[in-house]
Structure formats: C-alpha cells, structure tokens
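Chemist: Okay, here's the prediction I keep looking at, along with the sequence it came from:
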Amino acid sequence: MGVNNEVNKYIKNFLNVNGIVPNEANYLETGLQYGNSVQNALNLKFGKIISIEINKDFIHKANEKFKNEIKNSRVILIEGDSQKKLKEVFNKDINIFFLDAHGFGSIYPEIHNDQNIMPLENELKFLLNKINENTLIIIDDYLKIKNSSFFLNRKNKWVSKVSYEKLKKIISLERLNTFEIFGSNGMESHLFLTFNKKFKVNRYSFKYMINRFLSIKFYYKKNFHIILSKKIFKKIIIFLFTEKIFSLFIKNKKP
C-alpha cells in the first residue's frame with residue numbers, strides 16, 4: 001500500500017525525538033515495485049535510501065526513474081530476495097526499515113514459495129535481533145495482515161499466506177514497543193516497532209481515534225459483514241466502537 005501522511009508524520013517525529021537530522025538518516029525498504037516509497041523517502045530528505053526488490057523489471061524502471069540519485073549514491077537499488085539481501089546490507093546506522101516485500105502472480109514470476117511470497121516473518125526475526133534504539137521498523141499493509149484469516153481461501157492474495165499468530169509471537173518481545181497507525185482513508189494501517197522509549201503515539205488523540213474509527217470502511221469494503229455472521233460482526237464493531245455505532249452502520253447499509 002505504501003506510505004501516507006500519517007506515516008510520514010510519525011517518521012518525522014521519531015527522527016526528531018532522537019535528535020536525528022533527516023539528511024543524515026538512512027532508510028531501507030523491502031519491496032520497491034513502482035518506486036513510490038523511494039520517492040517519498042527522497043521527499044522526506046533522507047540522506048541514503050536503499051531498496052530491495054526481487055522483480056528485475058521494477059529494478060530496471062527504477063534505475064531510470066532515479067538515475068540522478070543513484071549516480072550520487074543517495075539511492076541504492078538491490079535486486080534479489082529480501083530475506084537474503086537484508087542480511088547482506090544490514091547496518092546499525094539504518095534508522096527506518098519499511099517492510100513491504102510481499103506479492104505473487106504475473107508481476108512476480110520470481111516468487112515460487114510461501115516464504116518468498118511473504119518474507120515478513122524472516123525479515124522480522126533477523127531485524128529484531130540486530131536493531132538498536134535509534135531504529136524504527138514499519139510494517140506495511142498491517143490492517144490486511146492482522147485480518148489474514150479472512151483471506152485464507154483467496155488463492156491470488158499474498159495475504160492468504162500470512163500467519164498472524166506467528167507474527168504476534170515474533171513481535172511479542174518484552175522491550176519492544178508496537179503502535180498501529182491508521183490511514184485516513186479507512187483502508188490501511190501500518191505497524192510501528194521500536195525499542196526506543198522516547199517515541200510515543202497518542203492513541204487517544206482526536207485524529208488517531210477518527211482514523212481508527214474509519215477503518216470500519218475496510219471491513220465494509222471487503223464484505224466481511226457477509227463472510228461473518230451478523231452476530232460475530234456485531235461483536236467486532238461493538239468491541240472496536242459502541243453499540244450505537246453498530247446500529248448506525250446497519251441503518252446506513254440498508255438501501
């Protein structure tokens with residue numbers, strides 16, 4: 001899904017509370033695709049940007065798109081499996097890791113097995129044993145990932161290969177702080193992971209609560225209200241919000 005304004009706001013905040021100047025900060029992403037996240041990192045003034053991508057065509061197009069930044073070594077593109085390449089290029093001076101290497105089908109003919117389809121588990125296992133307090137890990141598409149059980153029978157969806165239970169175990173480290181950041185479009189969220197104690201997210205701010213509330217659109221759009229029985233769906237809405245909100249939702253859904 002990529003980055004959004006909310007993600008950018010918290011990235012800036014993380015760098016700021018740790019006294020890290022953006023043009024001296026380093027950014028690494030897994031999953032280049034069309035280069036949108038690289039462009040965003042450039043806009044955020046990161047000093048060095050590394051992108052790992054398994055698809056040759058995406059690498060080729062990005063080489064042309066960012067040729068000037070590549071020439072001055074501000075952008076480095078690496079072709080290959082992120083699970084392997086991440087270990088080769090890891091450096092404790094990298095401040096932001098943006099994990100978005102997932103997908104398969106016609107645009108990813110290089111991907112043949114479940115680990116390559118969804119390398120997130122292995123990426124996290126490696127990184128969480130290496131990073132320090134000046135590091136922030138961001139997991140893209142988290143709203144889909146934490147609801148992966150709804151996609152199990154959808155063969156063409158990368159998220160059908162995700163084990164949310166395994167992921168929860170991996171990130172259940174005692175000192176690890178986790179924050180879910182919801183997008184304002186109601187269709188996405190990102191999970192922030194860090195050992196840093198100074199970085200905080202106010203989950204009770206008006207903007208945060210509104211964005212969290214808007215995530216109801218994700219469930220509505222994906223027709224999970226049909227997949228689930230009304231009884232279970234009602235429990236989910238009431239758990240996230242209130243009985244009154246559920247009543248309003250059902251009322252507005254009727255033609």
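Modeler: Looks like it came in fine.
Chemist: contacting residues for the most centrally placed residue in the chain?
Modeler: Residue closest to the average C-alpha location in the chain (C-alpha atoms, centre = their mean): Asp140, at 1.1 Å. Contacts here follow C-beta atoms under 8 Å, 6 or more residues apart in numbering; on that basis Asp140 touches 1-2, 31, 98-100, 190. C-beta here means a position set from N, CA and C on the backbone, and glycine is covered the same way.
Chemist: Identify the spatial nearest neighbour of it, chain neighbours not counted.
Modeler: Take Asp140 and drop its neighbours on the chain: the residue closest to it by C-beta to C-beta, 6 or more residues apart in numbering is Asp100, 4.0 Å away.
Chemist: give me every residue that touches the one you found.
Modeler: Residues near Asp100 by C-beta under 8 Å, 6+ apart: 1-2, 29-31, 33, 37, 140-141.
Chemist: sorry, back to before: return the member of the contacts of Asp140 nearest to Phe46.
Modeler: Lowest distance from Phe46 to those (C-beta to C-beta) belongs to Phe98, with 10.8 Å.
Chemist: Now that closest one. Nearest residue, chain neighbours left out?
Modeler: Excluding its sequence neighbours, the residue lying closest to Phe98 (C-beta to C-beta, 6+ apart) is Glu29, at 4.1 Å.
Chemist: residues in contact with that neighbour?
Modeler: Glu29 touches 37-38, 41, 49-52, 97-100, counting by C-beta under 8 Å, 6+ apart.
Chemist: Strands along this protein, start to end?
Modeler: Counting by DSSP state E, the chain has strands at residues 26-30, 48-53, 75-79, 96-99, 136-139, 177-182, 189-194.
Chemist: want to try TSV for those strands, with distance to Asn147 as columns?
Modeler: Below are the strands of the chain laid out as TSV (distance: least, C-beta to C-beta, whole Å):
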stretch	distance to Asn147
strand 26-30	22
strand 48-53	26
strand 75-79	31
strand 96-99	18
strand 136-139	14
strand 177-182	12
strand 189-194	10
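Chemist: For those, please prepare a markdown table with the additional fields mean pLDDT and distance to Phe14.
Modeler: Converted to a markdown table, the strands of the chain look like this (pLDDT from 0 to 100; distance: least, C-beta to C-beta, whole Å):
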| stretch | mean pLDDT | distance to Phe14 |
| --- | --- | --- |
| strand 26-30 | 97 | 12 |
| strand 48-53 | 97 | 16 |
| strand 75-79 | 97 | 21 |
| strand 96-99 | 97 | 8 |
| strand 136-139 | 98 | 5 |
| strand 177-182 | 96 | 10 |
| strand 189-194 | 97 | 7 |
